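>>> A predicted structure for the sequence below; I have some questions about it.
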Amino acid sequence: FFSIHFHLREHRMVLLKDVKFQRTPRAEAAETTLRANKWDTEAWDVLLQELGNQPIEKARAVYDAFFEQFPTAAKYWRNYIAKEMQAKNF
């Protein structure tokens with residue numbers, strides 16, 4: 001059994017512009033969409049895909065913001081946990 005430590009941001013949307021990673025045009029478009037509609041699942045999917053190769057330290061805040069909107073999204077929990085395990089954060 002293992003536990004994953006993560007920080008939820010007091011039930012408010014994370015300012016994605018504060019997350020440091022190399023943004024592609026797809027990621028920028030997804031962020032623009034999310035500023036207008038935080039429930040847009042396609043935009044979240046694009047953004048999380050774009051973060052796929054980033055270290056968990058860069059992706060964690062985006063996952064936290066996503067889970068505030070969609071706390072029961074099992075597919076993304078699995079991806080998040082796998083990234084934390086890969087980084088030996090257990």
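The structure has been received and is ready for your questions.
>>> rest of the way, CA atoms for contacts and neighbours
Will do.
>>> Check which helix or strand the spatially most central residue of the chain maps to.
The residue lying closest to the centre of the chain (CA atoms, centre = their mean) is residue 63, at 2.4 Å. Assigned by DSSP states H and E, residue 63 falls within helix 56-69.
>>> Tell me the helices and strands packed up against that helix.
helix 41-50, helix 74-86 (3 or more CA pairs under 8 Å, 6 or more residues apart in numbering; DSSP states H and E).
>>> deepest of those, which one?
Compared across the helices and strands packed on helix 56-69, helix 41-50 shows the largest average neighbour count, a mean of 18 (mean count of other CA atoms under 10 Å).
>>> Can you give me the distance of residue 49 to residue 56?
13 Å (CA to CA, to the nearest Å).
>>> Same check on residue 78?
Counting by CA to CA, the gap from residue 78 to residue 56 is 13 Å.
>>> cool, residue 21 as well?
In terms of CA to CA, residue 21 sits 11 Å off from residue 56.
>>> picking up where we left off before, how about the helices and strands packed on helix 56-69 in TSV, adding distance to residue 25?
Output for those, formatted as TSV (distance: least, CA to CA, whole Å):
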stretch	distance to residue 25
helix 41-50	10
helix 74-86	22
